[in-house]
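A.B. asks: here are the coordinates; sequence isn't available:
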Ligand SMILES: Nc1ncnc2c1ncn2[C@@H]1O[C@H](COP(=O)(O)OP(=O)(O)O)[C@@H](O)[C@H]1O
Ligand SMILES: [Mg+2]
């Protein structure tokens, strides 16, 4: 039996924490998206053409969305669980009659919801700059949701494992941002030298961007099924790690 | 008396191989205030954390209201509220919101009337819309108590509720705790203040180095406390106590010069007159007599020393 009331308590608490700082949490990602559009989409983009049909401004939209929601999901989820650790209020969560699964659903659910909304906002913002005809809207929403969930799960792990604020910022800055930039968010990989093309194939975010782009334009660099498979694999991996963490009490229980 | 918490052979070894609880057995009865009395590092917080699910149990069994805290954690934890040793809270949350959150977290339907009464009982009602950070230390502790009681638990754990608190606030807290007991909550209180245990508790468990050294009703402990010892200094070496004096259960001091006799001053007959008469008959010469009173503090120190 699932204890919905407890999940709701955590979920609402987390959501209301965001609403207290709503403006800050929206302004900065949206502003940076606008900057990307002005710089890449308009200023430089007019001189770039990877694919004959798709204008460059539209081409980078999926990548931009992934860039923002990956950062935001990881941030939301990692801070969401790290703050209670920092404040010492985890005692209450641990002593409550709730299962680990319910704790994860509450925190990860709230984090994913936030970045999902943000992703939609960025899409809306982008329509001010480019014409977007989304070919598979339902698939697009599913891919967006899956991405939000997977990065939120990752953020949850980072929040639990981290001992301080520096560590929390480390992984998104040092690992995720480069992976997104090098994952074909702003270019197709066939413009890269062979060596770097091969390297890119080991970048999980490449598959994510490719799949997400497929839902927009009906073309991607890899088969959409491979994209869906790899993102599911990533989610599964995160779940296994979280399960192990709770099972052993690592960094949660003394 | 009905047992509400049953602890059997509880052992806790931390990751660094530190043995924090060593074969603890303890039954807590419904409606009582039990004080876990012990110095810093004795294992009080660890014991509470083990019961509440905050720290993992190395071995042993704990049941709350008959529910195992591991196999049946949901049922067991519903019966428990905990106020931690450290004042930990969301600084910018309003009092009323944080208390409502706790209630929901424990799976209870919202109940405005209950929460209102609870906050009134803890003198927090007029502060319900303030953010926790803006409250004084004593009030913050009350907010944590309100959170712990928000889901109507049967048992309340208070981990050092008055540590580092001035005398006035301490008295305040004691009144609050007594009132809670009167409303039917079983209270487990940890403290390293003997006077606090003495004042508040129905039973006292003395804990040190992860072991419960002694557990008894407070009144029994006070009985022991009120025992006096008559020390009789003689000018001869006493190698063997005279047959006639055997019934007094005298002790001989280490230097063999003094006789020691335990008695209760509250009793009508202390036996002192008879003892002195009998001693006189044996021909032992007295130099001086002296009485010594042991109190809970001495008992405590004595127990810890022997441990
Ligand atoms: N997380 C921990 N890791 C390792 N040792 C710990 C931990 N918490 C407490 N201890 C040790 O366990 C013993 C009991 O601690 P604790 O239960 O906090 O005592 P008390 O609450 O009675 O002061 C102490 O020696 C303490 O150093
Ligand atoms: Mg302690």
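C.D. replies: Yes, it's here. All values derive from a computational prediction rather than experimental measurement. Numbering: from 1, shown residues only, chains lettered A, B, ... in the order given. Ligands and ions are numbered 1, 2, ... in the order given.
A.B. asks: Quick one: name the residues of the stretch 51-200 of chain A near chain B.
C.D. replies: Proximity of the stretch 51-200 of chain A to chain B (Cβ under 8 Å from any Cβ of the partner chain) is limited to residues A:87-99. All C-beta spots, glycine's among them, are computed from the backbone N, C-alpha and C.
A.B. asks: For the one residue sitting closest to the centre of chain A, which residues are in contact?
C.D. replies: The residue lying closest to the centre of chain A (Cα atoms, centre = their mean) is residue A:70, at 2.6 Å. Residues counted as contacts of residue A:70 (Cβ atoms under 8 Å, 6 or more residues apart in numbering or on different chains) are A:147, A:151, A:176, A:180, A:205.
A.B. asks: ok, now with 7 Å
C.D. replies: Contacts for residue A:70 (Cβ atoms under 7 Å, 6 or more residues apart in numbering or on different chains) come out as A:151, A:176, A:180.
A.B. asks: Not counting sequence-adjacent ones, nearest residue to it?
C.D. replies: residue A:151 (4.8 Å; Cβ to Cβ, 6 or more residues apart in numbering or on different chains).
A.B. asks: a helix runs through the one you found, doesn't it?
C.D. replies: Yes. Counting by DSSP: H, G, I helix; E, B strand; the rest coil, residue A:151 is part of a helix.
A.B. asks: Was I right to think it contacts residue A:71?
C.D. replies: No. Using Cβ atoms under 7 Å, residue A:151 is not in contact with residue A:71; the gap is 8.2 Å.
A.B. asks: okay, those two: which has more neighbours?
C.D. replies: Neighbours were tallied for residue A:151 and for residue A:71 using other Cβ atoms under 10 Å in any protein chain shown; the higher tally belongs to residue A:151 (31 against 21).
A.B. asks: Pull up the distance across stretch B:123-138, start to finish.
C.D. replies: Taking Cα to Cα, to the nearest Å, the first and last residues of stretch B:123-138 lie 11 Å apart.
A.B. asks: returning to what we had before: can you check the residues of the stretch 51-200 of chain A next to chain B and name whichever has the most neighbours?
C.D. replies: That'd be residue A:96 among those, by other Cβ under 10 Å, with 27 neighbours.
A.B. asks: Surely that residue touches residue B:108?
C.D. replies: No. Counting by Cβ under 7 Å, residue A:96 sits too far from residue B:108 to count as a contact (10.8 Å).
A.B. asks: out of the contacts of residue A:70, who's nearest chain B?
C.D. replies: Nearest to chain B out of those is residue A:151 (Cβ to the nearest Cβ; 24.7 Å).
A.B. asks: How about the contacts made by the residue in the stretch 201-307 of chain B that ligand 2 sits nearest to?
C.D. replies: The nearest approach of the stretch 201-307 of chain B to ligand 2 comes at residue B:207, 10.6 Å away (Cβ to the ion). The contact partners of residue B:207, taken as Cβ under 7 Å, 6+ apart, are B:36-38, B:42-44, B:213.
A.B. asks: buried set for the strand or helix carrying residue A:67?
C.D. replies: For residue A:67, the host element (DSSP states H and E) is helix A:61-87. Across helix A:61-87, burial judged by 16 or more other Cβ atoms under 10 Å in any protein chain shown covers A:61-82, A:84-86.
A.B. asks: picking that back up, could you report the distance from the residue nearest to residue A:70 to ligand 2?
C.D. replies: Separation of residue A:151 from ligand 2 (Cβ to the ion, to the nearest Å): 38 Å.
A.B. asks: any idea how far that residue lies from residue A:80?
C.D. replies: 13 Å (Cβ to Cβ, to the nearest Å).
A.B. asks: how about the residues of the stretch 51-200 of chain B that lie near ligand 1?
C.D. replies: Within the stretch 51-200 of chain B, no position is adjacent to ligand 1 by Cβ under 6 Å from any ligand atom.
A.B. asks: Is there any residue in stretch B:45-56 that contacts chain A?
C.D. replies: Yes. Residues of stretch B:45-56 are located near chain A by Cβ under 7 Å from any Cβ of the partner chain, namely B:52-56.
A.B. asks: Any chance of those residues in a markdown table with neighbour count, secondary structure and pLDDT as columns?
C.D. replies: Listed next are the residues of stretch B:45-56 next to chain A as a markdown table, based on neighbours: other Cβ atoms under 10 Å in any protein chain shown; DSSP: H, G, I helix; E, B strand; the rest coil; pLDDT from 0 to 100:
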| residue | neighbour count | secondary structure | pLDDT |
| --- | --- | --- | --- |
| B:52 | 26 | helix | 96 |
| B:53 | 23 | coil | 94 |
| B:54 | 21 | coil | 95 |
| B:55 | 22 | coil | 94 |
| B:56 | 16 | coil | 93 |
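A.B. asks: Taking the stretch 151-254 of chain A, what residue is nearest to ligand 1?
C.D. replies: Closest residue of the stretch 151-254 of chain A to ligand 1, Cβ to the nearest ligand atom: residue A:254 (3.6 Å).
A.B. asks: which ones are touching the closest residue in space to that residue that isn't next to it in sequence?
C.D. replies: The shortest distance from residue A:254 to any non-neighbouring residue, by Cβ to Cβ, 6+ apart, is to residue B:55 (4.7 Å). The contact partners of residue B:55, by Cβ under 7 Å, 6+ apart, come to A:253-254, B:12, B:46, B:49.
A.B. asks: And the residue nearest the centre of chain B, how far from ligand 1?
C.D. replies: By Cα atoms, centre = their mean, chain B has its centre lying nearest to residue B:35, at 1.6 Å. Taking Cβ to the nearest ligand atom, to the nearest Å as the measure, residue B:35 and ligand 1 are separated by 12 Å.
A.B. asks: ok, which residues in chain B are in contact with ligand 2?
C.D. replies: B:44-45, B:85 (Cβ under 5 Å from the ion).
A.B. asks: just checking, which of these belong to helices?
C.D. replies: Counting by DSSP state H, the part of the residues of chain B next to ligand 2 found in helices is B:44-45.
A.B. asks: What is the neighbour count of the residue of the stretch 151-254 of chain A closest to ligand 1?
C.D. replies: What residue A:254 shows, counting by other Cβ under 10 Å, is a neighbour count of 14.
A.B. asks: any idea which element it lies in?
C.D. replies: Using DSSP H and E, residue A:254 sits within no helix or strand.
A.B. asks: Rounded mean pLDDT for the helix holding residue A:67, please.
C.D. replies: When pLDDT is averaged along helix A:61-87, the result is 92.
A.B. asks: and what of stretch B:135-146?
C.D. replies: 93.
A.B. asks: what does stretch B:241-249 give?
C.D. replies: On average, stretch B:241-249 scores 84.
A.B. asks: buried residues in it?
C.D. replies: B:245, B:248.
A.B. asks: which residues are contacting that stretch?
C.D. replies: Taking Cβ under 7 Å, 6+ apart as the rule, stretch B:241-249 contacts B:250, B:252, B:261, B:271, B:275, B:278-279, B:281-282.
A.B. asks: Restricted to strands, list the residues you listed.
C.D. replies: B:252, B:261 (DSSP state E).
A.B. asks: hmm, which of the contacts of stretch B:241-249 are the buried ones?
C.D. replies: Applying 16+ other Cβ under 10 Å to the contacts of stretch B:241-249 flags B:250, B:252, B:261, B:271, B:275, B:278-279 as buried.
A.B. asks: Just the closest of these to ligand 1, please.
C.D. replies: residue B:261 (36.9 Å).
A.B. asks: Tell me how far that closest one lies from residue B:26.
C.D. replies: On the measure of Cβ to Cβ, residue B:261 and residue B:26 end up 35 Å apart.
A.B. asks: cool, residue A:25 as well?
C.D. replies: Distance from residue A:25 to residue B:26, by Cβ to Cβ: 48 Å.
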